[in-house]
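J.: predicted model follows, preceded by the sequence.
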Amino acid sequence: QLQLVESGGGLVQPGGSLRLSCAASGFTLDYYVVGWFRQAPGKEREGVSCISSSGGSTNYADSVKGRFTISRDNVKNTVFLQMNSLKPEDTAVYYCAADRWTTVHTMCDTGKGRYWGQGTQVTVSS
């Protein structure tokens, strides 16, 4: 069964950090562009960050630049999202997606991906 599983979400105070993981099972992420997306209540899903299959190209939403870092470990078949200096407006369900036939910018701009995880909740609150 091909699937992506996110983990690492939780409740954190403003200014805190979390690291999200997106692990693939049933297929290897080596050749896939992977992206992180989020959806807050009452809002549309938005692209947060995307990374190329090699890790050499990345894309970030303006709202997270300088605070979030996407990375991947193809040996572990996992993509990470390090989130620092978290703000209440970062509160959302975070999803990861993977697609072999796309680019970093296309995936983040369109929000389209072949495989999706079930999401992990991130809540930033004091």
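T.: Alright, I've got the coordinates. Numbering: from 1, shown residues only.
J.: so which residue is smack in the middle of this structure?
T.: Trp36 (2.2 Å; CA atoms, centre = their mean).
J.: what strand or helix carries it?
T.: Under the criterion of DSSP states H and E, Trp36 resides in strand 33-39.
J.: adjacent strands (with direction) for that strand?
T.: strand 46-51 (antiparallel), strand 92-99 (antiparallel) (DSSP bridges).
J.: give me the contacts around that strand.
T.: Identification of contacts with strand 33-39 by CB atoms under 8 Å, 6 or more residues apart in numbering yields 20, 22, 45-53, 70, 72, 79, 81, 90, 92-100, 102-104, 107-108, 111, 113, 122. Heads up, the C-betas are built off the backbone N, CA and C, glycines and all.
J.: just to revisit the earlier point, now the strands paired with strand 33-39 as a markdown table including mean pLDDT, mean neighbour count and distance to Leu29?
T.: Shown next, in a markdown table, are these (pLDDT from 0 to 100; neighbours: other CB atoms under 10 Å; distance: least, CB to CB, whole Å):
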| stretch | mean pLDDT | mean neighbour count | distance to Leu29 |
| --- | --- | --- | --- |
| strand 46-51 | 98 | 24 | 10 |
| strand 92-99 | 98 | 23 | 6 |
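J.: out of those strands, which is closest to Leu86?
T.: With CB to CB as the measure, strand 92-99 is the member of the strands paired with strand 33-39 nearest Leu86 (11.1 Å).
J.: list the buried ones in the strand holding Trp36?
T.: Buried positions in strand 33-39, judged by neighbour count with 16 or more other CB atoms under 10 Å: Val33, Val34, Gly35, Trp36, Phe37, Arg38.
J.: can you put those residues in JSON lines and add pLDDT and distance to Leu2?
T.: JSON lines is the format used below for those (pLDDT from 0 to 100; distance: CB to CB, whole Å):
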{"residue": "Val33", "pLDDT": "98", "distance to Leu2": "16"}
{"residue": "Val34", "pLDDT": "98", "distance to Leu2": "14"}
{"residue": "Gly35", "pLDDT": "98", "distance to Leu2": "17"}
{"residue": "Trp36", "pLDDT": "98", "distance to Leu2": "19"}
{"residue": "Phe37", "pLDDT": "98", "distance to Leu2": "18"}
{"residue": "Arg38", "pLDDT": "98", "distance to Leu2": "23"}
